[in-house]
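>>> Predicted model and sequence below, questions to follow.
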Amino acid sequence: MAASGELCPVFLRPQHVGRPDMSDAWNGLREALEQLDAGTTLETPVSERQFEVVKTVPDKVDVRYRDSGEEVSLYRDQFEIIFDRLADGPIDLGGLQPGVEPYAAVVSLSPGHSSAGGQLSRSPADARGGMSPHLVSPEAARTQPQRVHDDAVLLADRLEQLETDDLSTLEMGALTDLYVLLSDVQRGSDRLRRTVTEPLLTRLGGDQQLRGRFGTVRRTTRERRTPKDDAVVLDALDEHGIPHEWVLGVDPDKLDVVLTVTDLEESAVYDIDEQVYVQKTDVDEDEKVSRLRGLADRLAEIEGGEQLEDDILALERRIEELSAG
C-alpha cells in the first residue's frame, strides 16, 4: 500500500511526467486552487475525510486534515501522473488508496476534468474549473462544537425576542422556530456530550469526582442485562427445578407475523396506548446561517463592542480568582 501522499503503483508512469500538456494541466489546477475562498474544505471520495488547502506553491499543494490536524504535501509530479493516466480513460474513485484520495479530490477542481458517477475523468465539455462534488460548503464543514454553538446562539437570540412567558400565546411560526431550535440544540448537545464522555472516563476512577466551574461529575456504573440463549436459560432453570412456563411468554415479533397473515385483530392481543407528539421534519440551514451572519454584523456594529468583550473576559477571570480563593 502506498504511503500517505504517494500514488499507488497503477499510477506510476514516470516516463510521461513533465510533458508540456501536463504542465498546462498543473498550471490550470493551481489557478483554480488560488481562486478558492480561504478555508475551503474538500472531502475525500472514499473515506470521506475533510481537508483544507493550506498553501499552493510551484511544485506542491499543502493540505490539512480537519479530523486530525495532519498536514500532507501533494506533489506536482504526482498530479501530472494522474493527468497523464486520465488520458487513457476514467479512474474509478471507489478503488482509490487512502494516499491517492486527496489527489483525486483536488484534481476534480481542475479545468477540463470532472468527478461524477463515481469516476474521475477528462471531460472538457462538462468540467467547470474550481467546482467539484467533493467541495464542502463552509456551513456543512462546521465541526460538531461549532454547530452546537451556532444553534445555541440562535436559540438565545430567539428567547431574548420573546415578549411573553406564556408560550401558548405565540403565533404558529414563532412556536415552530422555537421548537426546531430547541430540538437542534438538544440533539447536538447530546452528541457532543457523548464525545466528551470518553476523555472524562479515562481520568475518572472508582468514586473519584471532578469539579469544574459549573458543577461536578463522577464515574457511574450501570448494568444492562441481556438474556442468554434460550437453551442456556432453560438448562439453568432445570438445574434449580424451575418450571419453564414461569419464564416463557409471547414473542412480539412472532405475534406481529401472525397479525400480518391472519384476520386476528391487533386490539385483541395488544393494549394500544396512543401518544401524540411533534416531530421535526426539516431544518432550513441556509436560513439559520443567514440569521447568524446578521447577528454577527449587529454585534460588530455595537459601539464599544470590543470593550464589552474585554469586560466580560475580565469578569470571568475575577470569578475564577474568587472561586480558587
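Received the coordinates, thanks. Numbering: from 1, shown residues only.

>>> Quick one: neighbours of residue 227, just the number.
8 (other C-beta atoms under 10 Å). The C-beta positions use only the backbone N, C-alpha and C, and glycine is treated the same way.

>>> Quick check: nearest residue in space to it, chain neighbours excluded?
residue 233 (6.2 Å; C-beta to C-beta, 6 or more residues apart in numbering).

>>> Identify the nearest residue to residue 28 in space, disregarding sequence-adjacent positions?
Using C-beta to C-beta, 6+ apart, the closest residue to residue 28 is residue 111 (4.6 Å).

>>> does residue 133 really touch residue 119, like I thought?
No. Contact criterion C-beta atoms under 8 Å: residue 133 and residue 119 do not qualify, at 11.3 Å.

>>> Could you point out which residue ranges in the stretch 1-150 of the chain have low pLDDT?
Residues of the stretch 1-150 of the chain that meet the criterion pLDDT under 70 lie in 1-21, 39, 124-131.

>>> coming back round to it: got the CA positions of the strand or helix carrying the residue nearest to residue 227 in CSV?
Following DSSP states H and E, one finds residue 233 within helix 230-239. The C-alpha trace of helix 230-239 is given here as CSV (Å, rounded to 0.1, in the frame of the first residue of the first chain):
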residue,chain,number,x,y,z
ASP,A,230,-32.8,-20.0,25.3
ALA,A,231,-31.1,-23.3,25.7
VAL,A,232,-28.7,-22.0,28.3
VAL,A,233,-31.5,-20.3,30.3
LEU,A,234,-33.7,-23.4,30.2
ASP,A,235,-30.8,-25.6,31.4
ALA,A,236,-30.2,-23.3,34.3
LEU,A,237,-33.9,-23.4,35.2
ASP,A,238,-33.8,-27.2,35.1
GLU,A,239,-30.8,-27.3,37.4
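
>>> after that helix comes which helix or strand?
With secondary structure assigned by DSSP H and E, helix 230-239 is succeeded by helix 252-261.

>>> Name the residues that touch that next one?
264, 266, 269 (C-beta atoms under 8 Å, 6 or more residues apart in numbering).

>>> Can you tell me the SS state at the first one?
Assigned state for residue 264: coil (three-state reduction, DSSP: H, G, I helix; E, B strand; the rest coil).

>>> I'd like the distance from it to residue 118, if you could.
Counting by C-beta to C-beta, to the nearest Å, the gap from residue 264 to residue 118 is 48 Å.

>>> Likewise for the second one?
Taking C-beta to C-beta as the measure, residue 266 and residue 118 are separated by 45 Å.

>>> and what of residue 111?
21 Å.

>>> The two: who's more crowded?
Taking neighbours as other C-beta under 10 Å, residue 111 and residue 118 compare with residue 111 leading, 18 against 13.

>>> Going by contacts, tell me the helices and strands next to the biggest helix by length in the chain.
In the chain, taking DSSP state H as the definition, the longest helix is helix 172-203. In this structure, helix 172-203 makes packing contacts with helix 144-160, judged by 3 or more C-beta pairs under 8 Å, 6 or more residues apart in numbering; DSSP states H and E.

>>> Over to residue 93: give its phi and psi.
Main-chain dihedrals, residue 93, degrees, to the nearest 10: phi -70, psi -30.

>>> now residue 52
According to degrees, to the nearest 10, residue 52 has phi -110, psi 150.

>>> Is it in contact with residue 41, as I believe?
Yes. Residue 52 lies in contact with residue 41 (C-beta under 8 Å); the separation is 5.6 Å.

>>> what sits in contact with each of the two?
Residues within reach of residue 52 and of residue 41 at once, by C-beta under 8 Å, 6+ apart, are residue 66.

>>> Give me the buried stretch members for the host helix or strand of residue 61, please.
Element membership for residue 61, per DSSP H and E: strand 60-65. Neighbour counts over strand 60-65 (16 or more other C-beta atoms under 10 Å) mark 60-61, 63, 65 as buried.

>>> Closest one to residue 214 out of these, please.
Of all these, residue 65 has the smallest distance to residue 214: 32.3 Å, by C-beta to C-beta.
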